[in-house]
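Peer 1: This is a predicted model, with the sequence first.
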Amino acid sequence: MAEHKPGSMNIEEQEKTFDGFIKWSIRVVIASFAILLLLAVFNS
C-alpha cells in the first residue's frame, strides 16, 4: 500500500465545485428574498 503524504492531493476540481455551489446558493437565497419581498409588497 502506498504511503500517504498529507497535502499532496490535487484538490483544484473540488475547490471549483465548492465555489460554484456557494455562488449558486447565494443566488438562490437572494432570489428567494426578492420573491418574498414582492409577495409582501403586492399582497397587502
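Peer 2: Here it is on my side, so go on.

Peer 1: buried sites along the helix or strand hosting Val41?
Peer 2: Using DSSP states H and E, Val41 sits within helix 12-42. Residues of helix 12-42 classed as buried by neighbour count (16 or more other CB atoms under 10 Å): none. (Glycine included, C-beta is placed from N, CA and C.)

Peer 1: Could you shift the numbering so residue one becomes 27, and keep it that way?
Peer 2: OK, 27 is where the count begins now, so the last one is helix 38-68.

Peer 1: and that helix, how far from the chain's centre?
Peer 2: 7 Å (CA atoms, centre = their mean, to the nearest Å).

Peer 1: Can you pull out the low-pLDDT segments for the protein?
Peer 2: Applying pLDDT under 70 to the chain flags the ranges 27.

Peer 1: again, only using 80
Peer 2: Within the chain, the stretches with pLDDT under 80 are 27-28, 70.

Peer 1: From the centroid of the chain, which residue is nearest?
Peer 2: Ile48 (1.6 Å; CA atoms, centre = their mean).

Peer 1: Against Glu41, how distant is that one?
Peer 2: 11 Å (CB to CB, to the nearest Å).

Peer 1: Alright, that wraps it up for me.
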